[in-house]
Each structure stands twice: as structure tokens, then as C-alpha cells.
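Student: Test case, fold it:
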Amino acid sequence: MKILKIMLFVLTINYTSTSFAQHDTVQYNILRNDPKGINNLFIYAMPLNIDYLSTYANISYGFGAEYNYKDKFILGVDFKRSYTEKLNDLISGDIVNSSYSKKGQAKDMKNFMVYEFSVQYLVGGKIRIHNEKPVLSDGINSNTYIKIKNKHYIALALRASYAQQQYDLTNVFMDDFHFYYTAYNLDAPNVIFNDLAASTMYTMQFVSFGLGVYQKQDLKISTDTYGTKDYAISTTYYFDVLLPISQQLSNVEVTERKNTALLTYEANLNEHTPMTNYGFRLGMKWQTVPAIRKINGGSKFEIGFLPGPDSLSKNFFIAFGLDLNLSFNTQK
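Tutor: The predicted structure follows:
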């Protein structure tokens, strides 16, 4: 048993020396360590986005682009569109099975879609020095680390954006979901009903204003043993207030059975639908700044309350996305 312990001790010492003993002998040169002065331009794909809003859920894809000019500003554009509306149908059910006497279907049904143009103006930026030990690896079995002073740029971001969003409100029961709107027959405005189960398309244009904290590091080194290494990451934490410019519910084609007769007519849900005229979101966006000819990753998470039909509490949402950053970058 004593011999076995000695052998294990020797093996452990040998592995440690192989993996990390070189950290005092690795020669390196700092090629870039200036997160404040670097420009970044890149395009990214979003193969997986998950959006959940009260009774709505979908999986979408998207594309985006972002340009960061030194320590001055960031311009961005994002687009998302659902792969299918079937996921929402499974969650919300089929209005045909409803016990309501009147049923409706949106006249113009489209897939979930969001596009947004944004600008962030960076102010009060500071450089902070962090003592770090980046791990180096040859990709096989040798690992080591070096001690280095890495610069982190941190700034306050003044944020603004314009966006349009549309999604399907499926199987909306006025009583169950407390929408409490009254739908009118367009041909006979004095015909009122409130026992309708319907699907409708909600479209909103909005502007947002907010504050964020932007952090960035941009370290590039060359080593005598492990080649060239990049450590470039940007992270934004933000809070935005959402103010709608316009909100629209699509007209609904209503089917009603009276005795043996089946009546079909069109209803306007906009005139008497209460709308919430503000919202907010709290989010985080993380990206590895892409190097030329390489694909890097990123992610985005948001939570909050959207403007829209009914009270603010009914429009709670969560959104999560994964990015693949494709390399169009002004780095050297």
C-alpha cells in the first residue's frame, strides 16, 4: 500500500510538471492590448432563439450586425423570424375545441418577427488593469499559464433603438385571459359580443431608451511555444424603457352559429381593446469578438414586460438566443 501511494505521488508530480511547470519559461510578446482604441465590425447568425410571452412561445432564427467605433459608439441591427408557428399552436390549443359560441381567425396571419436598429453612445469610459493568468494549451496534453496585466475598458452606454415586432395571439378567450375587449361587426357596428374565442396578429412599432454598462477586453499575444492567442470579449448589461409608436390587432373573421344558420362576418378588435403604452426590459449580451477566418460564439438574454393588449402584468416575456459570430473585423 505504501509503494502504491509513492507511485501515485510520483505520477501526480510528473503530470503537474508536464502541464504547468513551463509558466516561468514561456516567452511572449503583447501584440495588442488596447480595448479602448480598437474598431470591431462583424456579422453574426442566430440559429437558435427562444421567445416566451404569456401564452405565446416560439423558436426562431436570425441575423445581426454590430459596429463598435473605438470608445465612441456602437451601431447595431438585429432580425429574428420564427421557424414555424406550430409550436405556438401546440401550447395554445385549437380554438375549434372551445366552448365559446363564437370563434374567430385572424384575416392576416404571419410568422413571429422582430427587427431592431440600435445605437449606443459610450461615455465615462475608463481602463482598469486586471492581473490575470490566461491558460495556454497546445491542444494535445500540454497546458500552462502566464501572468499578465490585461486591460479592461468599462463605460456607461446611453442606449436608443427603433423596432417592430409581430406575433400571433392564439386562442384568446376574453374571459379567461381578461382582455375584456368588445368586438364590433364592421357591417353593423351596433352588434356587440364578448363571448369570442379568436386568434389575432399583434403588430407593434416602438422606440426604446435606456442605460447600460459596456465592458470589453482585447488582448492578443504571441508565444514561442503556443503560437498566437486572442482573448477578446465584450459584454453589455442594460435596462431599457419601451414606448410604442403604434399597436395594431388584425381584424378577425368570426363564425357564429344561430340555430341552423352559420353566419360569418369580420370584427374589429382595435377600437375597444385596452392597450398598455409602456414596457421595459433587462438584458445581457455577451460576445467573443471574432478573429479573422474564425467562428466565435455569443449569447443574449432578456426579461421584462412588453407593451400590448391588456395590463402590463399579462405581457411578461423571456427571450434567449445563441450567436455564431462570423468574421468581418477591422482588427489586425
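Student: now the strands: where do they sit in the stretch 51-200 of the chain?
Tutor: Secondary structure of the stretch 51-200 of the chain (DSSP state E, counting those that start in this stretch): strands located at 56-69, 73-82, 102-106, 113-132, 135-137, 143-145, 148-173, 183-185, 192-193, 196-223.
Student: from these, which stretch is densest packed?
Tutor: strand 183-185 (a mean of 21; mean count of other CB atoms under 10 Å). To be clear about C-beta, it is placed using only N, CA and C from the backbone, and glycine gets the same treatment.
Student: so where is the stretch 201-332 of the chain shaky, pLDDT-wise?
Tutor: Within the stretch 201-332 of the chain, the segments meeting pLDDT under 70 span 256-263, 271-272, 289-294, 311-312, 326-332.
Student: do that again at 80, thanks
Tutor: Applying pLDDT under 80 to the stretch 201-332 of the chain flags the ranges 225-227, 229-231, 251-274, 289-296, 309-314, 325-332.
Student: Which residue ranges of it form strands?
Tutor: Going by DSSP E, counting those that start in this stretch, the stretch 201-332 of the chain shows strands at 227-249, 252-258, 261-268, 275-276, 279-288, 296-305, 308-309, 316-326.
Student: Dump those strands to TSV, plus mean neighbour count and distance to G76.
Tutor: As requested, those are exported to TSV (neighbours: other CB atoms under 10 Å; distance: least, CB to CB, whole Å):
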stretch	mean neighbour count	distance to G76
strand 227-249	17	10
strand 252-258	16	36
strand 261-268	13	36
strand 275-276	18	26
strand 279-288	18	9
strand 296-305	17	11
strand 308-309	25	24
strand 316-326	18	12
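Student: Distance to I154 for those strands - can I get that in JSON lines?
Tutor: JSON lines is the format used below for the strands of the stretch 201-332 of the chain (distance: least, CB to CB, whole Å):
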{"stretch": "strand 227-249", "distance to I154": "10"}
{"stretch": "strand 252-258", "distance to I154": "50"}
{"stretch": "strand 261-268", "distance to I154": "51"}
{"stretch": "strand 275-276", "distance to I154": "35"}
{"stretch": "strand 279-288", "distance to I154": "15"}
{"stretch": "strand 296-305", "distance to I154": "19"}
{"stretch": "strand 308-309", "distance to I154": "35"}
{"stretch": "strand 316-326", "distance to I154": "21"}
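Student: Of all those, which one comes closest to D168?
Tutor: Nearest to D168, of all the strands of the stretch 201-332 of the chain, is strand 227-249, at 11.0 Å by CB to CB.
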